[in-house]
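# Coordinates for the following, if possible.
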Amino acid sequence: MSISVRADVVDLRSDQPRKDDVFFVDSNVWFWIGYTNASRNAQRYQVKEYPSYADQALNVGSTLYRCTLSFAELAHSVERAECRIFLKKSQGDAVSNFELKNFRHNHPTARSAIVAEIEDIWNITNDMTMGKTIEVNLTLSMVQQSLNRLKSEALDGYDAFMIEALITTQGITQVITDDGDFGQIAGITVFTANNTLIKAARDQNKLLKR
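From the prediction side, this is the model:
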């Protein structure tokens with residue numbers, strides 16, 4: 001994957017959070033922090049480095065933010081992961097949308113456990129952010145701004161909305177994420193352990209050591 005790096009990039013494995021840091025924590029990080037079965041499919045560094053860095057940030061008094069859109073991403077990711085675990089014994093690793101719907105409606109006990117898991121993760125995000133939440137107002141103006149961003153940056157829809165809310169609404173410019181797509185965004189600093197993004201940033205003189 002080739003990334004045109006416009007953000008400043010910090011390798012969080014060699015960084016120490018500061019008291020005056022204000023971070024937006026991306027959905028993938030909350031997933032690895034809070035989801036019980038996260039280690040089943042994650043890479044080792046993902047379930048090690050991101051929770052560790054978030055804990056360090058809290059310990060020194062940094063401010064963490066979540067986003068309302070992360071709830072939808074987390075709910076989808078947890079349901080898909082749990083469906084895969086449930087079906088793997090008989091159907092292998094592939095999970096189609098139809099299987100997800102079938103699983104959702106025909107296995108109420110498992111469904112209840114998934115909803116409880118999602119609620120637990122969301123509560124963890126609330127506790128770690130002390131309720132500091134970026135609420136995305138999906139107005140037509142926000143949609144147009146996000147569409148314009150999609151034309152120039154290889155983001156998905158969720159990320160486009162989040163970036164607009166971060167920069168234009170909240171003024172938050174520090175993001176903890178494993179998503180290399182955030183490396184394209186000028187004006188932010190990405191704190192990551194993603195080696196692909198870190199190497200690209202180094203090669204393009206965008207790797208920042210604080």
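# Which SSE is immediately downstream of the longest helix seen in the chain?
The residue-count maximum for a helix in the chain (DSSP state H) belongs to helix 68-91. Sequence-wise, the next helix or strand downstream of helix 68-91 (DSSP states H and E) is helix 97-106.
# The next helix or strand after that following helix vs helix 97-106, what angle?
On the C-terminal side of helix 97-106, the closest following helix or strand by DSSP H and E is helix 108-129. Here helix 108-129 runs at an angle of 100 degrees relative to helix 97-106 (axes from the mean of the first three to the mean of the last three CA atoms, to 10 degrees).
# model confidence over the host helix or strand of Q46, on average?
Here Q46, judged by DSSP H and E, is contained in helix 44-60. Mean per-residue pLDDT for helix 44-60: 97.
# who does that helix touch, helix- and strand-wise?
Packed against helix 44-60 by the contact rule (3 or more CB pairs under 8 Å, 6 or more residues apart in numbering; DSSP states H and E) you find helix 27-34, strand 63-67, strand 174-176. Yep, even glycine has a C-beta here, placed from its N, CA and C like the rest.
# Check which helices and strands the longest helix of the chain sits against.
helix 27-34, helix 97-106, helix 108-129, helix 157-164.
# Tell me the buried residues in that helix?
69-71, 73-75, 77-84, 86-87 (16 or more other CB atoms under 10 Å).
# before we move on, the earlier item: with V5 as the reference, name the closest of the helices and strands packed on helix 44-60.
Closest to V5 of the helices and strands packed on helix 44-60 is strand 174-176 (CB to CB; 13.6 Å).
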